[in-house]
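> no sequence on this one, just coordinates:
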């Protein structure tokens, strides 16, 4: 299992083109956090730009329906993004498990995601990759929009 600074890794949550995401428990607390571990060697110039953009954007966002960046750090081989953990998985997994969603739940999801998108607009951020895999769910099934460097851009 991967070593994550200041944390005890519990399990792997997923992976992407530049690294992996782990569920960890912060040492000295019961707080569960998702840590995105990005391998520096796999980053292209565009990947580096996306990462810098992602960190800069996430640092200025604070909304109940947008995933929070809690902290970030790096070592000689990796960059670590400590993110809010959403225990409900993503919306595509939720839809597959439920097969059919009640209309009132869909309306609530759309209302809450609309608030998140409205907030992004106020912060001059455009989400460029809105899809079920980028909508996470809390343990109470509230949608949380995942914002990444490659899925967003700052408006001028």
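Received the coordinates, thanks. Treat the numbers as computed from the prediction; the structure is a model and nothing was measured.
> state the mean pLDDT of stretch 134-142.
Averaging pLDDT along stretch 134-142 yields 96.
> just stretch 16-26 next, same as before
Rounded mean pLDDT across stretch 16-26 is 87.
> could you shift the numbering so residue one becomes 589, and keep it that way?
Got it, first residue is 589 now, which makes that one stretch 604-614.
> do I have it right that residue 674 meets residue 725?
Yes: using C-beta atoms under 8 Å, residue 674 is in contact with residue 725, at 5.9 Å. (C-beta placed from N, C-alpha, C; glycine too.)
> what touches both of the two?
Both residue 674 and residue 725 are in contact with residue 732, where contact means C-beta atoms under 8 Å, 6 or more residues apart in numbering.
> any figure for the gap between residue 672 and residue 653?
For residue 672, the distance to residue 653 equals 11 Å [C-beta to C-beta, to the nearest Å].
> between the two, who's got more neighbours?
residue 653 (20 against 16; other C-beta atoms under 10 Å).
> helix/strand/coil for residue 658?
Put simply, residue 658 is strand when judged by DSSP: H, G, I helix; E, B strand; the rest coil.
> quick check: neighbours shared by residue 672 and residue 653?
residue 732.
> ok, and the helix or strand in this protein with the lowest average confidence?
Ranked by mean pLDDT, DSSP states H and E, the weakest helix or strand in the chain is strand 740-742, scoring a mean of 73.
> mind checking how far that one is from the chain centre?
Relative to its parent chain, strand 740-742 has a centroid offset of 15 Å by C-alpha atoms, centre = their mean, to the nearest Å.
> give me the sheet partners of it and which way each runs.
Taking DSSP bridges as the criterion, strand 740-742 forms sheet pairs with strand 713-715 (antiparallel).
> per-residue pLDDT, the nearest residue to residue 729 once chain neighbours are set aside?
Distance criterion C-beta to C-beta, 6 or more residues apart in numbering; nearest residue to residue 729, sequence neighbours excluded, is residue 676 at 5.8 Å. Here the pLDDT value assigned to residue 676 is 96.
> so how far is residue 638 from residue 676?
26 Å.
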